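> predicted model, plus sequence, below.
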Amino acid sequence: MFRFAFLLLCLSRPITAQVAILQIQVVEGEGAILQPGARSARPLTVEITDETGKPVADAAVSFHLPDDGPGGTFASGLRTDVVVTSARGRATIHAFQANRSSGRFQIRIVASKEQARAGTVAFQYIAALKPGMAAAKAARGSHTGRWIVLGLAAVGGGAAAALMSHGGSSPAAATPAPAAPAFSIGAPNISVGKP
């Protein structure tokens, strides 16, 4: 009689299988190019599934930014943030503030649920400032008016920037931007198929 009662008790409880293996796939935000010092406009989303491909809800997913070099901070001001997956197995980081170091960086991603853990990396980039943009930003910051960069023209060994004032300052008060170093653009290199 005792065995029968124990068997009924066991059968009346829902059986929940533990997750044995986690898989991580970056579904949005891989390869994003950010402007130096800007806030990201494109979220980073990952999808966590089990060994059968079924989405895993309530998994903890941590995102880790580099301690130095290109990277930045999350909305909390820290380089690490943790998000719990939705019922669809997705975790998204929306707010990210890029620093001013240009180049490629990796975001380490670690997912865990019960005893299962998995990790991957996503790569993003911080663009370099264009040669004339630094001078234009300096000129814009040193005057009370708003400035619009009209263009850069490569002339012989240097470049010249034409600036126009829009309110606040007269055009006569504008200081010309210093000449940017000479540069040249070569032919594009595009390859398709096997090298």
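Alright, I've got the coordinates. Computed from a prediction, not measured in an experiment: that's the story for all the values here. Residues are numbered from 1 along each chain as shown.

> all contacts plus neighbour counts: C-alpha atoms, from now on.
Will do.

> for residue 116, what are its contacts?
By Cα atoms under 8 Å, 6 or more residues apart in numbering, the contact list for residue 116 reads 19-22.

> please repeat the previous calculation with a cut-off of 6 Å.
By Cα atoms under 6 Å, 6 or more residues apart in numbering, the contact list for residue 116 reads 20-21.

> can you check the one 3 residues further on too?
Taking Cα under 6 Å, 6+ apart as the contact definition, residue 119 lies against 109-110.

> start the count at 257 instead of 1 going forward.
Yes, from this point I'll number from 257; that puts the last item at residue 375.

> okay, and it sits in which element?
Using DSSP states H and E, residue 375 maps to strand 372-382.

> paired strands for that strand, with orientation please.
strand 289-290 (parallel), strand 359-369 (antiparallel) (DSSP bridges).

> can you give me the buried ones in that strand?
Buried residues in strand 372-382, defined by neighbour count with 16 or more other Cα atoms under 10 Å: 373, 377-378, 380-382.

> widest-spaced pair of these?
Using Cα to Cα, the two most remote members of those are 373 and 382, lying 29.5 Å apart.

> residue 324: which of the strands paired with strand 372-382 is closest?
Across these, closest to residue 324 is strand 359-369 (Cα to Cα), at 9.8 Å.

> hang on, the earlier thing: how about the strands paired with strand 372-382 in TSV, adding mean pLDDT, distance to residue 315 and mean neighbour count?
Below are those laid out as TSV (pLDDT from 0 to 100; distance: least, Cα to Cα, whole Å; neighbours: other Cα atoms under 10 Å):
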stretch	mean pLDDT	distance to residue 315	mean neighbour count
strand 289-290	93	28	20
strand 359-369	96	5	19
